[in-house]
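Asks: Below is the sequence, then the predicted model.
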Amino acid sequence: MDVMKTHGAFSWSELMATDPAKAAEFYGSLFGWKIEEMPMPNGTYRVAKVGDTPVGGLMSCPDGSMPPMWGVYVTVDDVDAAIAKCTSLGGKVLMPPMEVPGVGRMAALADPQGAAFSVIKYTEQAS
């Protein structure tokens, strides 16, 4: 199963940290992750790898408005359809859909109890 293409699969984990460099050092040492830095418009994004396989990312908490936390991404076939279904079931939209160039379209949602998660439809990558 390719989790990046399978609707309903957990496909990415991401840490928002107040000090992503220190978090990268901690988790890299703890799990033996190789950390690769990617410059982005809003700061450095760090990709955690096990061997050559990307397994997650680390980034700064946006504007200090969120506490440090791990988040999960679930692959969907259609972000807008997932949003509509989520809200019809009593969930809510925390962050409206956005395009992440070279990655895909994503949105942050919450279930009726307030648990946050993100949905994503990945961009087809050329082989």
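Replies: Ah, there it is. Numbers count the residues shown, from 1 in each chain.
Asks: could you say what helices and strands the biggest helix by length in the chain packs with?
Replies: When the chain is parsed with DSSP state H, its longest helix is helix 20-31. On a contact count with 3 or more Cβ pairs under 8 Å, 6 or more residues apart in numbering; DSSP states H and E, helix 20-31 meets strand 10-17, strand 34-40, strand 43-50, strand 53-60. Every C-beta, even on glycine, is put in place using the N, C-alpha and C of the backbone.
Asks: now with 6 Å?
Replies: Judged by 3 or more Cβ pairs under 6 Å, 6 or more residues apart in numbering; DSSP states H and E, the packing partners of helix 20-31 are strand 53-60.
Asks: The strand it packs on pairs with which strands, parallel or anti?
Replies: strand 10-17 (parallel), strand 43-50 (antiparallel) (DSSP bridges).
Asks: Can you add mean neighbour count, distance to Pro101 and mean pLDDT and give the ones you listed back as TSV?
Replies: Shown next, in TSV, are those (neighbours: other Cβ atoms under 10 Å; distance: least, Cβ to Cβ, whole Å; pLDDT from 0 to 100):
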stretch	mean neighbour count	distance to Pro101	mean pLDDT
strand 10-17	17	16	94
strand 43-50	16	12	94
